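J.: Following is a predicted model, sequence given first.
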Amino acid sequence: MKTIMNALAGIIFLSVLAVTASAENKVIYGEDDRLDYFEAPASRKALADSVVSLWNSYKVTRDGANYKLSTMKFADANNLCAGERFREQQKGAFCSGSLVGEDLVMTAGHCIRNPPVNSANGETCASTRLVFGFAIKSRGGSSPSTVPEADVYSCKEIVTHGLDNGGADFAIIRLDRKVAGRKPLPVHRGASLKKGAGMFVIGHPSGLPLKVAEGASVRDASNSTHYVADLDTYGGNSGSPVFDSRTSLIAGILVRGDTDFVTTAEGCRRSNVIGQNEGRGEDVTKVSQLSASVPKTALTGETEPAEAPSREVRLESVDAIRESFGDSFSIEVPEIAVPE
């Protein structure tokens, strides 16, 4: 019996590890397509301005009129090999998200939960801070160490949540106030994208300042809950909006993928780079899984069409015409032949 119980405990432990690994691991497919904010075209910057980073509250502390961000050098935090991209930048966020309403952020379900689940890991609504503008804005610029008070928000409540290992993984967070100066992003509300459709992602790989990664496409669209795509993403990209390249609408949420880093013989770590069509691919929860909870607003250009004007003749309108043209005003109505 003891042997059976130990074996069962081991299976449960490995299952927990599998859930965690599938949520965190990502990979580089083919060429590394990640760009810093300042390198991205203007159309992508406009979208990136509405992408947000998720932080543990203890890493975001008030500093006068600003908030100070507690970060660590990427190279030191991940024991990176020389030559690894972005190794000199600072990291600190644990997930990404996107503004989809005046006070609503969309992210992955494993990024934020209500207690008691993960209450010690800083991933609850109460202990999460959402920071806009964690990005390198100019060539030669550095990772932000402080951000304005206006760019820091708290989680007021989790509006909707779904977490199915290997399936749908999503959440919508209501913030403590409406977001000023940033436009909610519209979501794809039509039929699912097809295999081969182009995609790009905007978020915070490994908790780094914001990155835009183009050059990806849908490998498999057959699953009802998620796409499989060859996006260049890492842990920290979880919750990132994934866009349809043709329309620039949010098509899904980055949630799972392949292994981030591999350890070399020298003992340092390098990005796991494989062929464009190799590996398991990255899982993207289809936005259709939660689009009913995303409001259509004038800010996203998705408001319902206005009601057609009434064709009812109003007496006051007739009186106004009579005042303008006099009592002699008349309308000729053609005769209509009525069959006997």
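T.: Everything's here; your move.

J.: can we go C-alpha only for contacts and neighbour counts from here?
T.: Noted.

J.: Could you pull out the buried residues of stretch 44-57?
T.: Judged by neighbour count (16 or more other C-alpha atoms under 10 Å), stretch 44-57 contains these buried residues: 44-45, 47-57.

J.: cool, stretch 213-223 as well?
T.: Using 16+ other C-alpha under 10 Å as the test for burial, stretch 213-223 gives 213-221.

J.: mind putting these in TSV, secondary structure and pLDDT included?
T.: Formatted as TSV, the buried residues of stretch 213-223 follow (DSSP: H, G, I helix; E, B strand; the rest coil; pLDDT from 0 to 100):
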residue	secondary structure	pLDDT
Ala213	strand	95
Glu214	strand	95
Gly215	strand	92
Ala216	strand	95
Ser217	strand	96
Val218	strand	97
Arg219	strand	97
Asp220	strand	96
Ala221	coil	97
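
J.: Same list, those residues, but as TSV with distance to Gly30 please.
T.: Rendered in TSV, the data for the buried residues of stretch 213-223 read as follows (distance: C-alpha to C-alpha, whole Å):
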residue	distance to Gly30
Ala213	12
Glu214	12
Gly215	10
Ala216	10
Ser217	12
Val218	15
Arg219	14
Asp220	18
Ala221	21
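
J.: If we only consider those, which is nearest to Asp169?
T.: For the buried residues of stretch 213-223, the residue nearest Asp169 by C-alpha to C-alpha is Ala221; the value is 16.0 Å.

J.: I figured Thr264 hits Ala82, correct?
T.: No. The criterion here is C-alpha atoms under 8 Å, and Thr264 misses it with Ala82 at 11.5 Å.

J.: Check the contact between Gln276 and Val27; I expect there is one.
T.: No. Applying C-alpha under 8 Å as the test, Gln276 and Val27 come out as separate, 10.5 Å apart.

J.: Quick check: which ranges of the chain have low pLDDT?
T.: Residue ranges of the chain with pLDDT under 70: 1-26, 116-122, 303-340.

J.: Spit out the contact partners of the closest residue to Arg219 other than its chain neighbours.
T.: Residue nearest to Arg219 in three dimensions, not counting chain neighbours: Ala229, with 5.0 Å by C-alpha to C-alpha, 6 or more residues apart in numbering. Ala229 makes contact with 216-220, 281-284 under the criterion C-alpha atoms under 8 Å, 6 or more residues apart in numbering.

J.: Same check on Arg182?
T.: 49-50 are the contacts of Arg182 under C-alpha under 8 Å, 6+ apart.

J.: Likewise for Asn66?
T.: Contacts of Asn66 (C-alpha under 8 Å, 6+ apart): 146-149.

J.: Of those residues, which is the nearest to Val294?
T.: The closest of those to Val294 turns out to be Glu149 (C-alpha to C-alpha; 26.0 Å).

J.: Looks like the closest one contacts Ala65 (just checking).
T.: Yes. Applying C-alpha under 8 Å as the test, Glu149 and Ala65 come out as touching, 6.1 Å apart.

J.: related to what we said a few turns ago, columns distance to Lys195 and secondary structure on top of the buried residues of stretch 44-57, output as CSV?
T.: Output for the buried residues of stretch 44-57, formatted as CSV (distance: C-alpha to C-alpha, whole Å; DSSP: H, G, I helix; E, B strand; the rest coil):
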residue, distance to Lys195, secondary structure
Arg44, 23, helix
Lys45, 27, helix
Leu47, 24, helix
Ala48, 25, helix
Asp49, 29, coil
Ser50, 27, coil
Val51, 26, strand
Val52, 28, strand
Ser53, 29, strand
Leu54, 31, strand
Trp55, 34, strand
Asn56, 37, strand
Ser57, 40, helix
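
J.: which non-adjacent residue is nearest Val242?
T.: In space, and not counting its chain neighbours, Val242 is closest to Val201: 4.5 Å by C-alpha to C-alpha, 6+ apart.

J.: Check which helices and strands the helix or strand the one you found falls within sits against.
T.: Using DSSP states H and E, Val201 maps to strand 198-203. In terms of contacts (3 or more C-alpha pairs under 8 Å, 6 or more residues apart in numbering; DSSP states H and E), strand 198-203 is packed against strand 51-56, strand 211-220, strand 241-244.

J.: Just the C-alphas of the longest one, formatted as PDB.
T.: Same thing as strand 211-220. What follows is strand 211-220, C-alpha atoms only, in PDB (Å, rounded to 0.1, in the frame of the first residue of the first chain):
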ATOM      1  CA  LYS A 211       8.400  43.200 -27.400                       C
ATOM      2  CA  VAL A 212       6.600  42.800 -30.800                       C
ATOM      3  CA  ALA A 213       7.100  39.500 -32.600                       C
ATOM      4  CA  GLU A 214       6.000  39.100 -36.200                       C
ATOM      5  CA  GLY A 215       6.500  36.400 -38.800                       C
ATOM      6  CA  ALA A 216       4.200  33.700 -37.300                       C
ATOM      7  CA  SER A 217       1.300  31.700 -38.600                       C
ATOM      8  CA  VAL A 218      -1.400  29.300 -37.500                       C
ATOM      9  CA  ARG A 219      -0.200  25.700 -37.700                       C
ATOM     10  CA  ASP A 220      -3.400  24.100 -36.500                       C
END
